[in-house]
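1. mind looking at a prediction? Sequence and model below.
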Amino acid sequence: MAKAVTIDRSHRMDGIGEYYFSRRLREIAETEAATGRQIVKLAMGSPDLPPHPAVIERLAREAQRPDVHKYMSFQGEPILRKAFADWYARWYGVELDYRSEVYPLIGSKEGIMHICMTFLNPGDKVLVPDPGYPTYSAAVRLSGGVMVPYALNKQTDFYPDFEAIERAGLDGVKIMLVNYPNMPTGQVPTRELFERIVDFGARHNILIVHDNPYSFIRNAEAPMSIFAVEGARDVALEMNSLSKGHSMAGWRVGMVAGRAEWIRAILSFKSNMDTGMFYPIQAAAETALSLGREWFDELNAIYYRRERQAYALLDALGCRYRPRQAGLFVWAELPEGYEGDSFSFSDEVLEQCDVFLTPGGIFGSEGNGYVRITLCCPEELLKRATDNVVARYRR
């Protein structure tokens with residue numbers, strides 16, 4: 001019998017573990033199978049609502065064509081690039097050249113990795129929000145960069161403290177990742193914020209990468225792009241996505257926009273990793289991007305009803321939360337006087353009430369006093385979670 005080969009993981013995987021939700025939800029499934037308990041899962045932000053019927057109809061119709069099953073352009077088809085440019089002009093008041101400044105992605109999550117791989121050399125530093133999307137830190141580490149967290153907290157209204165960042169030192173910092181409306185805190189941007197970010201990048205020769213997938217979900221303000229600020233094109237890239245605002249998470253349609261030379265550089269990397277997405281998906285995405293305000297109003301009416309039920313759940317738990325949060329989640333402080341951290345609170349509620357809340361600590365140390373509740377579930381599920389808490393929770 002041949003001897004088993006021993007292969008070590010690449011060192012770039014050091015510090016990169018299994019995605020928290022992958023591990024925790026597997027554990028919860030094992031608990032349910034072993035005990036028969038039915039646990040209400042209020043963690044993942046996977047939209048449960050379907051896209052507009054016209055989008056699905058366009059996909060089905062285009063898929064019947066005999067000429068669309070080949071490899072597609074590495075650059076993305078003009079139909080989708082132009083649709084993204086028109087969408088930016090209509091909703092953000094920003095003009096983009098679809099031929100050179102717009103690049104479709106198979107979801108903006110991959111864009112984070114592609115940008116890091118394109119622009120970072122080993123040892124380059126990246127300013128990463130804390131709390132922030134865990135993929136940011138993973139992408140920086142996997143590409144050989146060094147993560148430099150910057151705090152977002154209630155003392156600064158969950159905006160960057162630029163003076164504190166500068167005092168900490170910026171030697172070797174090449175990229176700053178920003179995300180507004182913010183996930184997980186739900187904070188919305190202001191024009192002044194974007195002006196300060198752009199000024200910060202210009203003064204310190206730092207590439208700003210703005211991740212902007214939540215503009216249209218529970219956002220009482222007009223959708224904003226960082227490119228609406230003067231000078232942003234000289235220092236920033238912006239990613240966007242159809243996953244949230246168009247309920248197309250599984251379709252994997254996103255984009256990155258910015259200076260033509262930077263888009264060409266990303267294309268050089270990405271074209272060695274994959275090819276263009278299935279044409280019918282690109283055509284259906286064009287239909288999605290053409291939808292009017294009625295679509296967003298109907299979508300948000302559902303999310304606001306769910307928000308009210310999420311507030312009732314948080315009230316039952318004794319958690320505190322800010323109103324007027326944007327995005328698919330509600331971000332809430334642990335009950336006043338609670339002595340544990342977010343992980344112990346999440347575990348406590350799970351064991352007592354069969355309700356799984358996301359511990360804010362998975363998003364960084366600044367999130368450890370918080371939990372996050374997804375709104376990507378029916379009101380009935382949030383009501384069941386609330387009833388469980390009212391009946392069973394004891395501190």
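-> Structure's in. What do you need?
2. can you list contacts of the lengthiest helix in the chain?
-> Using DSSP state H, we find that the single longest helix of the chain is helix 293-317. Residues outside helix 293-317 that contact it (Cβ atoms under 8 Å, 6 or more residues apart in numbering) are 42, 49, 52, 216-218, 245-247, 320-321, 328, 330, 332, 335, 349, 355, 373, 375, 377-379, 382-383, 385-386, 389-390, 393. Every C-beta, even on glycine, is put in place using the N, C-alpha and C of the backbone.
3. which of those are buried?
-> The neighbour-count test (16 or more other Cβ atoms under 10 Å) marks 42, 52, 216-218, 245-247, 321, 328, 330, 332, 349, 355, 373, 375, 377, 382, 385-386, 389 as buried among the contacts of helix 293-317.
4. please narrow those to those residing in strands.
-> Among the buried ones among the contacts of helix 293-317, the members falling in strands (DSSP state E) are 42, 321, 330, 332, 355, 373.
5. could you identify the most distant pair in those residues?
-> 321 and 355 (16.2 Å; Cβ to Cβ).
6. let me know the closest of the ones in strands among the buried ones among the contacts of helix 293-317 to residue 78.
-> For these, the nearest to residue 78 is residue 330 (39.6 Å; Cβ to Cβ).
7. show me what contacts that closest one?
-> So residue 330 contacts 186, 307, 310-311, 314, 321, 372-373, 375 (Cβ under 8 Å, 6+ apart).
8. list of residues touching the lowest-mean-pLDDT helix or strand in the chain?
-> Lowest by mean pLDDT, DSSP states H and E among the helices and strands of the chain is helix 20-35, with a mean of 84. Applying Cβ under 8 Å, 6+ apart, the external contacts of helix 20-35 come out as 17, 37-39, 41, 43-44, 134, 350, 356, 362.
9. now the buried members of these.
-> For the contacts of helix 20-35, a neighbour count by 16+ other Cβ under 10 Å gives the buried set as 39, 41, 43, 350, 356, 362.
10. and the gap between the residue nearest to residue 386 when sequence neighbours are not counted and residue 5?
-> Spatial nearest neighbour of residue 386, excluding adjacent residues (Cβ to Cβ, 6 or more residues apart in numbering): residue 313 at 4.4 Å. Distance of residue 313 to residue 5, given as Cβ to Cβ, to the nearest Å: 51 Å.
11. who has more neighbours out of those two?
-> Neighbours were tallied for residue 313 and for residue 5 using other Cβ atoms under 10 Å; the higher tally belongs to residue 313 (27 against 5).
12. tell me the pLDDT of the more buried one.
-> Listed pLDDT for residue 313 reads 97.
13. do residue 318 as well
-> For residue 318, the predicted pLDDT is 96.
14. that one: how many residues sit nearby?
-> By other Cβ under 10 Å, neighbour count at residue 318 equals 16.
15. again, but for residue 302
-> Neighbours around residue 302, by other Cβ under 10 Å: 14.
16. and the one 4 residues further on, by the same measure?
-> By the criterion of other Cβ under 10 Å, residue 306 has 23 neighbours.
17. ditto for the one 3 residues further on
-> By the measure other Cβ under 10 Å, the count of residues near residue 309 is 21.
18. ok, it to residue 378 distance?
-> 10 Å.
19. pLDDT score for residue 16?
-> Reported pLDDT at residue 16 in the predicted model: 69.
20. my bad, residue 264
-> pLDDT at residue 264 comes out at 96.
21. any idea which element it lies in?
-> For residue 264, the host element (DSSP states H and E) is helix 260-270.
22. can you give me how far that helix is from the chain middle?
-> Here helix 260-270 is found 22 Å from its chain centre; the criterion is Cα atoms, centre = their mean, to the nearest Å.
23. so where do the helices sit in the stretch 101-250 of the chain?
-> With DSSP state H, counting those that start in this stretch, the ranges of helices along the stretch 101-250 of the chain come out as 108-119, 134-142, 162-168, 191-204.
24. among those helices, which comes closest to residue 345?
-> Among these, helix 134-142 sits nearest to residue 345 (Cβ to Cβ), with 18.9 Å.
25. reformat the contacts of residue 330 as CSV; add distance to residue 343.
-> Below are the contacts of residue 330 laid out as CSV (distance: Cβ to Cβ, whole Å):
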residue, distance to residue 343
186, 21
307, 25
310, 20
311, 23
314, 18
321, 19
372, 13
373, 16
375, 22
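26. closest to residue 69 out of those?
-> When those are compared for distance to residue 69 (Cβ to Cβ), residue 375 wins out at 36.8 Å.
27. check what pLDDT the closest one gets.
-> 97.
28. quick check: angle from the least confident helix or strand of the chain to helix 134-142?
-> Here helix 20-35 runs at an angle of 120 degrees relative to helix 134-142 (axes from the mean of the first three to the mean of the last three Cα atoms, to 10 degrees).
29. which parts of helix 20-35 are buried?
-> 21, 24-25, 28.
30. can you check stretch 94-114 too?
-> Across stretch 94-114, burial judged by 16+ other Cβ under 10 Å covers 94, 96, 98, 101-114.
31. run the chain-centre distance for it.
-> 15 Å.
32. do stretch 338-349 as well
-> Mean-position distance between stretch 338-349 and its chain equals 24 Å (Cα atoms, centre = their mean).
33. now swap in stretch 388-395 and tell me
-> That offset, for stretch 388-395, works out to 31 Å (Cα atoms, centre = their mean).
34. ok, now stretch 22-37?
-> 25 Å.
35. and if you look at stretch 197-204?
-> The answer for stretch 197-204 is 23 Å, by Cα atoms, centre = their mean.
36. with adjacent residues omitted, what lies nearest to residue 204?
-> Once flanking residues are discounted, residue 204 sits nearest to residue 170: 5.4 Å by Cβ to Cβ, 6+ apart.
37. show me what the helix or strand hosting residue 347 is packed against.
-> Assessed by DSSP H and E, residue 347 sits inside helix 342-353. Applying 3 or more Cβ pairs under 8 Å, 6 or more residues apart in numbering; DSSP states H and E, we find helix 342-353 packed against strand 355-359, strand 370-374, helix 379-392.
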